[in-house]
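>>> Task: produce atomic coordinates for the following.
(one chain, ligands or ions: 2)
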Amino acid sequence: MSEIRDETTVVFALPRRADLDALRTMLGAEVKVLGEATSFREATALITRHRPEVALVSSQLPDGDVSSWLEQDSPLGQTKLIVLATDPQPEDYRTAMRIGALDLLPMPLNPGSILESLRRVAKGPGERQGKIVTVFATKGGVGKTTIAANVAAELAGRRQRVCVVDLDLEFGSLSAFFGAVPEQTMADLVRRRGAFSLPLIQEMMVTDPILGVPILASPLTPDLAPTVDGEGKKEVGRNYVAEILRMLCLGYDTVVVDTASRFSEATVSALEMASTVLLVTAPDVPALQSTAKGLTVLVDKLGFQPDRLKLVLNRANAAIGLTAEDISRFLAYPISYRLPSDGDAAVRACNTGVPIVRRRRSGPLARALAALAQDVAGPPQRLTPRRSVLRPLGVRR
Ligand SMILES: Nc1ncnc2c1ncn2[C@@H]1O[C@H](COP(=O)(O)OP(=O)(O)O)[C@@H](O)[C@H]1O
Ligand SMILES: [Mg+2]
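Residues are numbered from 1 along each chain as shown. Ligands and ions are numbered 1, 2, ... in the order given. The predicted model follows:
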């Protein structure tokens, strides 16, 4: 979608066709309208498909209200939200803040205030808009946590503001890969009432002792996992993981998410919100068979394509009679990254809590991980609206 990056891309969702027409007339020349919806269901489909910079969404649509929509669907990812409400009351402003909307505008529509809001929101005043990199696999033991820890360690070494989140909620060990011992975890976070602010989340993070990467650890015991994602949630309707990730994007350039090998609500949120998903596989038949099944879901059901879903072949040089080409053909999917097998470096790194990219920078595995990290993170995102957004109606920067 590179052809539309130079202008602010927007999706509208309003209950009445007439309002959509009015909005398009007001803004159509100034922003790139990627789609219009009259229900939350349609809005989810459009946002997931087009990944606009901004979604302008009515607080009420025939199929529900905006906060229950985000609790159930959370399609926003990097898309910024502006809510439109008829005669907004103080509680509407509180709701808008809680769900992560960057503005709440009164209806009926006022072109000046909408353009002004779009300008501020698309620019993100003094605010980071980090990207999420989610590391996933359909099978345990293929190297997800190794890759998540090393991508983050490499980026931290390059002075990026990076944090990591361990969504292997039952048996996560991400903090051990950094030699950190968490005292508080996301299980303590979800016990708190109300919205999660960035400082509150940061309070629950443990810091990597070498380069200071903040780590949001998974619960200390498996029985607490359902309090974050599942039956044990204190507020059943909330998607805690989506809320946490959305907030962390405001504080960090890159949020690296490690996962467990199942399509839980937490994992699916982390997948849908990611700018890049690293799908890790290994050159053995069970791993490849399960990866093939996973790709069916990721590509056919969740709509991922190779620009956002990158296949990582770990232990690529393990001699098992299958070449990378055979594997790519078997999976009918391109391999974006190959990481060499180096049991000595990999196991020593997780046993000592010093990531591979810090311990042996010159080794082939460290170099491949560093290159992957750099490629995935790229330069920090900068969302700049076209100047012409400001021109009509005398709105000035
Ligand atoms: N490229 C590699 N070469 C050799 N061993 C590896 C490699 N990547 C990971 N490992 C080892 O494989 C084991 C499982 O890795 P891990 O990252 O914990 O997998 P997952 O998170 O997918 O369960 C660890 O002992 C790790 O050190
Ligand atoms: Mg793991």
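>>> looking at this, residue 263 is in a strand?
No. With DSSP: H, G, I helix; E, B strand; the rest coil as the criterion, residue 263 is coil rather than part of a strand.
>>> The residue nearest to it when sequence neighbours are not counted in helix, strand or coil?
Of all residues not flanking residue 263 in the chain, residue 297 sits nearest, at 6.6 Å (CB to CB, 6 or more residues apart in numbering). C-beta coordinates here come from the backbone N, C-alpha and C atoms, glycine included. Following three-state DSSP, we place residue 297 in the helix state.
>>> Tell me the pLDDT of residue 297.
At residue 297, the model reports a pLDDT of 96.
>>> Over to residue 235?
91.
>>> How many neighbouring residues does it have?
The number of residues packed near residue 235 is 11, by other CB atoms under 10 Å.
>>> A strand includes it, no?
No. Under three-state DSSP, residue 235 sits outside any strand and is assigned coil.
>>> what about residue 302, how many neighbours?
Residue 302: 14 neighbours (other CB under 10 Å).
>>> So it sits against residue 273, correct?
No. Assessed by CB atoms under 8 Å, residue 302 is found out of contact with residue 273, at 11.7 Å.
>>> Quick check, pLDDT for the closest residue to residue 334 other than its chain neighbours.
Using CB to CB, 6+ apart and skipping the chain neighbours, the partner closest in space to residue 334 is residue 306 (5.5 Å). pLDDT, residue 306: 95.
>>> The one 5 residues further on now?
As predicted, residue 311 sits at a pLDDT of 98.
>>> ok, the residue nearest to residue 334 - contacts?
When contacts are counted by CB atoms under 8 Å, 6 or more residues apart in numbering, residue 306 is found next to 333, 334, 336.
>>> neighbour-wise, which of the residues you listed leads?
residue 333 (21 neighbours).
>>> Help me confirm that that one comes into contact with residue 294.
No. With contact defined as CB under 8 Å, residue 333 does not reach residue 294; the gap is 10.4 Å.
>>> Break down the stretch 101-250 of the chain into its strands, ranges please.
Taking DSSP state E, counting those that start in this stretch as the criterion, the stretch 101-250 of the chain contains strands spanning 103-107, 131-136, 162-167, 206-207, 214-216.
>>> ranking those by burial, who's on top?
Among those, strand 162-167 has the highest mean neighbour count (mean count of other CB atoms under 10 Å), at a mean of 28.
>>> would you put the C-alpha positions of that strand in PDB?
Presented in PDB, the C-alpha positions along strand 162-167 are these (Å, rounded to 0.1, in the frame of the first residue of the first chain):
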ATOM      1  CA  VAL A 162      11.800  -1.200  22.900                       C
ATOM      2  CA  CYS A 163       9.900  -3.300  25.400                       C
ATOM      3  CA  VAL A 164       8.800  -6.900  25.400                       C
ATOM      4  CA  VAL A 165       5.600  -8.600  26.500                       C
ATOM      5  CA  ASP A 166       5.400 -12.300  27.400                       C
ATOM      6  CA  LEU A 167       2.100 -13.700  26.200                       C
END
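>>> That one: how far from the chain's middle?
Offset of strand 162-167 from its chain centre (CA atoms, centre = their mean, to the nearest Å): 11 Å.
>>> got a list of what residue 153 touches?
178, 208, 210, 211, 213, 355, 357, 358.
>>> rerun at 7 Å
Going by CB atoms under 7 Å, 6 or more residues apart in numbering, residue 153 touches 211, 213, 355, 357, 358.
>>> correct me, but the second one touches residue 162?
Yes. With contact defined as CB atoms under 7 Å, residue 213 reaches residue 162; the gap is 6.0 Å.
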